[in-house]
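In: give the three-dimensional model of this entry:
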Amino acid sequence: MNRTFQLRIGLLLLLLVSLALPCPVPAGQKVTIGANLPLSGAREATGVSTRDGMELLREQINAAGGLKIGESLYEVEYVYADNESDPQKAVAATLELITKYNVLGIVGPNASSNAIPAGNICESFKTPMISPTSTNPRTTEDRPFVFRACFLDNFQGEVMANFAIKEFNAGKAAVLYDIASAYPKGLAEFFKGAFEAKQGPNSVVAFENFLPSEKNLSQHLDRIVASGADVLFLPQYAHEIPSIIEQARARGWNKPILGGDAWETSDLVEKCGDKCKGLFFSSHFGAVGAKGKTQTFVEQYKARYDQLPIGYAALGYDAASLMLTAIGKLDGLKPNLLDNRAAIKDRLSSIKGFEGVSGTLDMNTGGDPTKSAVIIKINDKGEFESYKIENP
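Out: Predicted structure coming up:
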């Protein structure tokens, strides 16, 4: 985010805060939640999946009569803002949802590079926000109004380091990541720390970073191939994976490739083809082999959308459910919107034993849940198959 843009946002914040007066809850029996998602652009598939999960929940609640708050029932309503997976647009969308639509809370953004600056705005305006999939620790750090429905990158990095060691007997590892993006950079560093804690200093024998402008990664990959690493950890977003894997294979890398939760989109296998089959990544949810409440969600989602849900859909469902659960714990809605937002924040931070479709979680006052991770295998059919569960 450039300095000019930051100054403009700062001035706008000062203006809006100076004008901020207690806002009444809109007339009518509706509860309005904002959704700040990438509904177009490079990461559109993740935003659409998140939206579909949220919509399934909304339809279920409204069909049952609405959300009960105190003694009253309210229709659940979403206002969507398309951030195009751009940090500046994510900030602008957050401001619009808070000040124009007077939402009680916001679900999203997904990506950490968008959720971190958006969370800063939500904290400034004392508006509860819950990200479905932002795993970077900075998203919630020192922000009482900001929450997440997913595990953190430090846990995810440890999970994948342990998996590389146990599953492939890896004594040496390589990492390739985009240094300019918060998610891959953070996850790469956590993986390296966890792997070297187990296998010794310098056991990550290649730690290669690249810039977003680099499309040809041959030099990085040549160093990785020459390093003698047993596995390659690739913590990039799904739309980048097919090209990188194709280049890696072309440069002679024929060993295991592992990824993080951002690999999971509905169109990954379509774009990656057979090159991605047999690979593993960490996730929050597995549709194939699901049981219990998760299986019910899978069946309902497939009946509604005619396809299996991915992690973004499950976490969209759970993030919205967490927000609405907190709202439902209120004795009633007060005339002052700011009071309601503060009360929702308090209820969110005290949620324990929440049974979501992506697993059971306990939320802490820092906005971070304790929950398990799922190792996903891309099987021979191109399905995301639940391979292993890793607990905290």
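In: phi first, then psi, for Pro184.
Out: phi -60, psi -40 (degrees, to the nearest 10).
In: neighbours of it, how many?
Out: 27 (other Cβ atoms under 10 Å). (Each C-beta comes from the backbone N, C-alpha and C, glycine too.)
In: show me what contacts it?
Out: Applying Cβ atoms under 8 Å, 6 or more residues apart in numbering to Pro184 gives the contacts 177-178, 235-237, 260, 262.
In: all strands for the stretch 251-392 of the chain, in order.
Out: 257-259, 280-283, 354-356, 359-363, 369-370, 373-378, 384-390 (DSSP state E, counting those that start in this stretch).
In: in space, what's closest to the residue minimising distance to the centre of the chain - neighbours in sequence excluded?
Out: Nearest residue to the geometric centre of the chain (Cα atoms, centre = their mean): Thr133, 1.0 Å. Nearest residue to Thr133 in three dimensions, chain neighbours excluded: Asn110, at 4.7 Å (Cβ to Cβ, 6 or more residues apart in numbering).
In: how about that neighbour, secondary structure?
Out: Secondary structure state of Asn110, per DSSP: H, G, I helix; E, B strand; the rest coil, is coil.
In: didn't it look like it was pressed against Pro38?
Out: Yes. Judged on Cβ atoms under 8 Å, Asn110 makes contact with Pro38 at a distance of 6.6 Å.
In: need the residues touching each of the two.
Out: Residues touching both Asn110 and Pro38 by Cβ under 8 Å, 6+ apart: 46-47.
In: the two: who's more crowded?
Out: Using other Cβ under 10 Å as the criterion, Asn110 and Pro38 rank with Asn110 on top: 30 against 26.
In: need the contact list for that one.
Out: Per Cβ under 8 Å, 6+ apart, neighbours of Asn110: 37-38, 43, 46-47, 50, 131-134, 312.
In: can I get those residues in a markdown table including pLDDT and distance to Tyr301?
Out: Shown next, in a markdown table, are the contacts of Asn110 (pLDDT from 0 to 100; distance: Cβ to Cβ, whole Å):
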| residue | pLDDT | distance to Tyr301 |
| --- | --- | --- |
| Leu37 | 98 | 17 |
| Pro38 | 98 | 20 |
| Arg43 | 92 | 20 |
| Thr46 | 94 | 16 |
| Gly47 | 97 | 16 |
| Thr50 | 98 | 12 |
| Ser131 | 98 | 21 |
| Pro132 | 98 | 15 |
| Thr133 | 96 | 17 |
| Ser134 | 96 | 22 |
| Tyr312 | 95 | 12 |
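In: quick check, nearest of the residues you listed to Gly286?
Out: Nearest to Gly286 out of the contacts of Asn110 is Tyr312 (Cβ to Cβ; 13.1 Å).
In: could you give the number of residues near the closest one?
Out: 31.
In: OK, contacts around it?
Out: By Cβ under 8 Å, 6+ apart, the contact set of Tyr312 is 46-47, 49-50, 53, 110, 132-133, 264-265.
In: give me the three-state assignment for the residue lying closest to it once chain neighbours are set aside.
Out: Closest residue in space to Tyr312, ignoring its immediate chain neighbours: Ser49 at 3.8 Å, by Cβ to Cβ, 6+ apart. With three-state DSSP as the basis, the three-state label of Ser49 is helix.
In: might one say that Ser49 is in contact with Pro309?
Out: Yes. With contact defined as Cβ under 8 Å, Ser49 counts as touching Pro309 (7.2 Å).
In: name the residues of the one helix or strand Gly53 maps to that are buried.
Out: According to DSSP states H and E, Gly53 maps onto helix 44-63. Neighbour-count burial for helix 44-63, counted by 16 or more other Cβ atoms under 10 Å, picks out 44-58, 61.
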